[in-house]
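Colleague: any chance you can model this:
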Amino acid sequence: METISSIPSVDLVKHGAEEAMEIITQMPTTWFTAIIVGILVILLVRRIFRKRLKLPPGPRNLPIIGAMLSLDKEMHKGLVEQAKKHGPLVYFRLGSHSMLAIQSAEIAEELFKQKDGQFASRAHSTILFSLAKYFGFDSKNMGFAPYTQRLKQLRKVCTKELLTIPKLSATEYVRWEEQGEMIKEVESLDGKDFELREVLHTVAMNVTCRMLFGKRYYGKNVAITKELTEFQELMEDMIAIAGKPNVGDIIPWLRWLDLQGMTKQFKKLHDKQEHVLRNILEDHKMAKKTSANRLASPATMDFVDVLLSLRGEDQLPDDTIMATVSDIMMGATDSTLTVVQWAIIELMRHPESMAKLQKELDDFVGKNRALRESDFSQIPYLMAVVKETLRLHPPVPLLIPRMNEKQTTLHGYDIPENTTVFVNVWAISRDESNWEKADQFIPERFLDSTVSVNGNDFKYTPFGAGRRQCVGISMGLIMVDRTLGSLIHAFDWLPASGKQVADIDNEETYSLVLEPKHPLVCRAVPRLPKVDVYYDPRYVP
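Modeller: Sure thing, here's the model as predicted:
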């Protein structure tokens, strides 16, 4: 799945900017004057130069903060409002950075097909500076790295060594065991109210961690160790800080002041991240020396084993391995659990779709065995439900922004160098010119459609397209399909006690990913004669 985006909501950015301005006004007069004069000089030079350019239309940009006040909603929605005024290509500034928002399939196609190479870099040096430096180990991960030969090599390693169909097939037993634990946990609730996200978080983290590291870190049956505690604290801290805006990234002239203390927090978190991941790497290196059978077959090798075993031109340094597994860990877990939660919300809001999916599962799988990954191709409505969920609620509504390192053109306009480029897939996926009844949940639209998630149709790119497309599509979809399919097959889903279906809303909130504003609290009642077909060892597929 797409990795960390963390394009903060405009409200958060505004709050950070107000905080910064309050601190600035309390500075000594000479400091304050020097900063303001420096900013105005730079803005004047840029303004004189850019008068010669034919820039795309956009909102008014104010000194220092740019168009921040014009984006009065979460950014992906605020940009839709700007598109109504200025068209589908909107140019603006956020702080001191040039920004470009693409909100039509036509312009997205031009970007991904004709100008892909020119916009293949990342905005790691602009608004993503802190994330790229501290989460991405100085931009060594796939999500934030500039488009260089090293990135091409890293993507090749991931697609050829980690995320191949044989490798994913070899780890099916991991997903069967962990999702069996999930089914057992839901069954044990005996129809009582529970928050779905907590259950999904456990299964997503354990599947991902076992595939990456060969260990479980969550669940009732996991022994409490120092390693486990450190890992869980790391994940909580990463999620907490990654969605916060750093004023120093938006206004780089202020970065050295660390007005909010964010850089200090990022550095502290990076040290903790490196400590936890380096211990995992060292444990794997030691196990490799002491266990001759560990690397005997793909079935016994986790992802870290594979990355440590690479030789020749594919061999990776430790910091790149840590950056890569961190990338996969964050991208796979949050995206997976969010898509499954959205799918169940929409299915509960549309009982006819829920009934249709359960009938299809019963007709093909039956009620006396568990859903298998080999079944997916024979259950088209499950695939359609997942596609429709990704259309309405893409986990990353603004794809991780790209950047052009040299001045270029797009859609007939001049685009200055180092412009941060957003593709608003949320807006494109809800565009009435692309989709009939675009705001409605209608999985049937995908049953006889050739539109896929592979980025070949530019009205539907939930995982991006072109050279920076997410490399983990196969892994992410397998996890989503299996988790969703098994939950819908095994249980009937009811609103929380005292609630009705009409009380289940689909309001969104955007932090790391596009989540339900109100996490789903619901009840699940077994619908199979024996739900243990999903976790009893006698029924292992």
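Colleague: run the chain-centre distance for stretch 505-524.
Modeller: Computed by Cα atoms, centre = their mean, to the nearest Å, the chain-centroid distance of stretch 505-524 equals 15 Å.
Colleague: pull out the buried positions in that stretch.
Modeller: 506, 508, 510-516, 520, 522-524 (16 or more other Cβ atoms under 10 Å). (Glycine included, C-beta is placed from N, CA and C.)
Colleague: contacts only, for the residue lying closest to Phe92 once chain neighbours are set aside.
Modeller: Spatial nearest neighbour of Phe92, chain neighbours left out: Ala67 (3.9 Å); criterion: Cβ to Cβ, 6 or more residues apart in numbering. By Cβ atoms under 8 Å, 6 or more residues apart in numbering, Ala67 lies in contact with 58-61, 92-94, 99.
Colleague: filter those residues down to just the ones in strands.
Modeller: Among those, the ones falling in strands (DSSP state E) are 92-94, 99.
Colleague: which of these scores worst on pLDDT?
Modeller: Ranked by pLDDT, those bottom out at Leu94 (88).
Colleague: ok, the nearest residue to it once chain neighbours are set aside - how many residues close by?
Modeller: Spatially, and ignoring its direct neighbours in sequence, Leu94 is nearest to Gly66 (5.2 Å; Cβ to Cβ, 6+ apart). When neighbours are defined as other Cβ atoms under 10 Å, Gly66 has 24 of them.
Colleague: circling back: wait, which of the ones in strands among the contacts of Ala67 is closest to Lys54?
Modeller: Using Cβ to Cβ, the shortest approach to Lys54 within the ones in strands among the contacts of Ala67 belongs to Phe92, at 15.7 Å.
Colleague: hang on, the earlier thing: next, the residue nearest to Leu94: phi, psi?
Modeller: When read as degrees, to the nearest 10, the backbone of Gly66 gives phi 70, psi -130.
Colleague: beta-bridge partners for it, please?
Modeller: Beta-bridge partners for Gly66, by DSSP bridges, are Leu62, Leu94.
Colleague: wait, it sits on Arg60?
Modeller: No - assessed by Cβ atoms under 8 Å, Gly66 is found out of contact with Arg60, at 9.3 Å.
Colleague: before we move on, the earlier item: now render the buried residues of stretch 505-524 as a markdown table, adding secondary structure, pLDDT and distance to Arg445.
Modeller: Listed next are the buried residues of stretch 505-524 as a markdown table, based on DSSP: H, G, I helix; E, B strand; the rest coil; pLDDT from 0 to 100; distance: Cβ to Cβ, whole Å:
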| residue | secondary structure | pLDDT | distance to Arg445 |
| --- | --- | --- | --- |
| Asn506 | coil | 94 | 17 |
| Glu508 | strand | 94 | 20 |
| Tyr510 | strand | 87 | 24 |
| Ser511 | coil | 77 | 29 |
| Leu512 | coil | 76 | 28 |
| Val513 | coil | 88 | 23 |
| Leu514 | strand | 93 | 20 |
| Glu515 | strand | 93 | 24 |
| Pro516 | strand | 95 | 22 |
| Leu520 | coil | 97 | 24 |
| Cys522 | strand | 98 | 26 |
| Arg523 | strand | 98 | 30 |
| Ala524 | strand | 98 | 28 |
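Colleague: how about the contacts made by Thr408?
Modeller: Counting by Cβ under 8 Å, 6+ apart, Thr408 touches 115, 118-119, 414-415.
Colleague: what separates Val306 from Thr290, distance-wise?
Modeller: 18 Å (Cβ to Cβ, to the nearest Å).
Colleague: neighbour count: those two, which is higher?
Modeller: Val306 (17 against 7).
Colleague: ok so, going back, can you list the ones in strands among the contacts of Ala67 in a markdown table and add neighbour count and distance to Gln265?
Modeller: Output for the ones in strands among the contacts of Ala67, formatted as a markdown table (neighbours: other Cβ atoms under 10 Å; distance: Cβ to Cβ, whole Å):
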| residue | neighbour count | distance to Gln265 |
| --- | --- | --- |
| Phe92 | 24 | 28 |
| Arg93 | 24 | 26 |
| Leu94 | 25 | 21 |
| Met99 | 25 | 25 |
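Colleague: residues contacting the closest residue to Thr171 other than its chain neighbours?
Modeller: Nearest residue to Thr171, sequence neighbours excluded (Cβ to Cβ, 6+ apart): Met211, at 5.3 Å. Met211 is in contact with 171, 174, 302-303, 475, counting by Cβ under 8 Å, 6+ apart.
Colleague: got a pLDDT number for the residue lying closest to Asn454 once chain neighbours are set aside?
Modeller: Leaving aside its sequence neighbours, Asn454 sits nearest to Ile473 (Cβ to Cβ, 6+ apart; 7.2 Å). pLDDT for Ile473: 92.
Colleague: I'd like the distance between Ile473 and Glu508.
Modeller: According to Cβ to Cβ, Ile473 and Glu508 sit 22 Å apart.
Colleague: and which of the buried residues of stretch 505-524 is nearest to Ala384?
Modeller: Lowest distance from Ala384 to the buried residues of stretch 505-524 (Cβ to Cβ) belongs to Asn506, with 17.9 Å.
Colleague: and the strands in the stretch 151-300 of the chain, which stretches?
Modeller: Assigned by DSSP state E, counting those that start in this stretch, the stretch 151-300 of the chain shows strands spanning 194-195.
Colleague: where in it is pLDDT low?
Modeller: The stretch 151-300 of the chain contains residues with pLDDT under 70 at 224, 243, 292-300.
Colleague: mind doing that once more with 80?
Modeller: Residue ranges of the stretch 151-300 of the chain with pLDDT under 80: 219-225, 228, 232, 236, 238-246, 289-300.
Colleague: would you enumerate the residues in contact with the nearest residue to Leu162 once chain neighbours are set aside?
Modeller: Leaving aside its sequence neighbours, Leu162 sits nearest to Phe303 (Cβ to Cβ, 6+ apart; 5.4 Å). If a contact means Cβ under 8 Å, 6+ apart, then Phe303 has 162, 211-213, 325, 328 as its contacts.
Colleague: farthest pair within those?
Modeller: Using Cβ to Cβ, the two most remote members of the contacts of Phe303 are Leu162 and Phe213, lying 13.0 Å apart.
Colleague: where do the helices sit along the stretch 301-450 of the chain?
Modeller: Assigned by DSSP state H, counting those that start in this stretch, the helices in the stretch 301-450 of the chain fall at 303-309, 318-349, 351-364, 380-392, 425-429.
Colleague: nearest to Lys167, out of these?
Modeller: Once the helices of the stretch 301-450 of the chain are compared by Cβ to Cβ, helix 303-309 is nearest, at 7.7 Å.
Colleague: could you list the buried residues of the closest one?
Modeller: In terms of neighbour count (16+ other Cβ under 10 Å), helix 303-309 has its buried residues at 303-308.
Colleague: now distance to Ile400 and pLDDT too, for these, in a markdown table please.
Modeller: Listed next are the buried residues of helix 303-309 as a markdown table, based on distance: Cβ to Cβ, whole Å; pLDDT from 0 to 100:
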| residue | distance to Ile400 | pLDDT |
| --- | --- | --- |
| Phe303 | 21 | 91 |
| Val304 | 24 | 93 |
| Asp305 | 28 | 92 |
| Val306 | 25 | 90 |
| Leu307 | 22 | 92 |
| Leu308 | 27 | 92 |
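Colleague: cheers, nothing more for now.
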